[in-house]
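Novice: The sequence and its predicted three-dimensional model are supplied below.
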Amino acid sequence: EHLAAALDMFAQFFIHPLMLESSVERELQAIESEFQLAKNSDSNRGEQLMNYTCGRTFHEHPFSKFGWGNYKSLKEIPERSNLEPLILLREFY
């Protein structure tokens, strides 16, 4: 009886997410935490090595693109270029 309304409510999280500044900042901190935990693992280092050897330039092979980020690459570097990550996220979504 309430399934259609519940599914619609659930779908709205994906169709029109709030993307509040505090939520985005919290997610950036979580990404940084995961990055710090994973960056020294042998499997992640191996993957980064494969990414690097697949192509010296960005356009040579899709796998050569940086596959994961951290606070610096997702927040600090864009801000130095006068880009606001929250606005970019909303434009992308």
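Specialist: That came in fine, so what should we check first? Quick caveat, the model's predicted, so the values are computed rather than measured.
Novice: How about the contacts made by the nearest residue to E60 once chain neighbours are set aside?
Specialist: Leaving aside its sequence neighbours, E60 sits nearest to C54 (C-beta to C-beta, 6 or more residues apart in numbering; 6.9 Å). Placement of C-beta: from N, CA and C, glycine included. Taking C-beta atoms under 8 Å, 6 or more residues apart in numbering, we find C54 in contact with E60, H61, F63, S64.
Novice: From S41, how far off is C54?
Specialist: From C54 across to S41, the span is 20 Å (C-beta to C-beta, to the nearest Å).
Novice: quick one on the thing from earlier: farthest pair within the contacts of C54?
Specialist: Maximum pairwise distance among the contacts of C54 (C-beta to C-beta): 9.3 Å, between E60 and F63.
Novice: Using the three-state scheme, assign L83.
Specialist: In terms of secondary structure, L83 is coil; the call rests on DSSP: H, G, I helix; E, B strand; the rest coil.
Novice: now do W68
Specialist: Three-state assignment for W68 (three-state DSSP): coil.
Novice: What is the burial count for it?
Specialist: Burial of W68 is recorded as 15 neighbouring residues (other C-beta atoms under 10 Å).
Novice: State the phi and psi torsions of it.
Specialist: Main-chain torsions, W68, degrees, to the nearest 10: phi -150, psi 160.
Novice: list the contacts for the nearest residue to W68 once chain neighbours are set aside?
Specialist: Excluding its sequence neighbours, the residue lying closest to W68 (C-beta to C-beta, 6+ apart) is F35, at 6.8 Å. Contacts were defined as C-beta under 8 Å, 6+ apart; by that measure F35 touches W68, G69, N70, Y71.
Novice: What separation do you get for the third one and E1?
Specialist: It refers to N70. Applying C-beta to C-beta, the value for N70 to E1 is 46 Å.
Novice: Find the nearest non-adjacent residue to the residue nearest to the spatial centre of the chain, please.
Specialist: The residue lying closest to the centre of the chain (C-alpha atoms, centre = their mean) is G69, at 6.4 Å. Spatial nearest neighbour of G69, excluding adjacent residues (C-beta to C-beta, 6+ apart): I31 at 6.6 Å.
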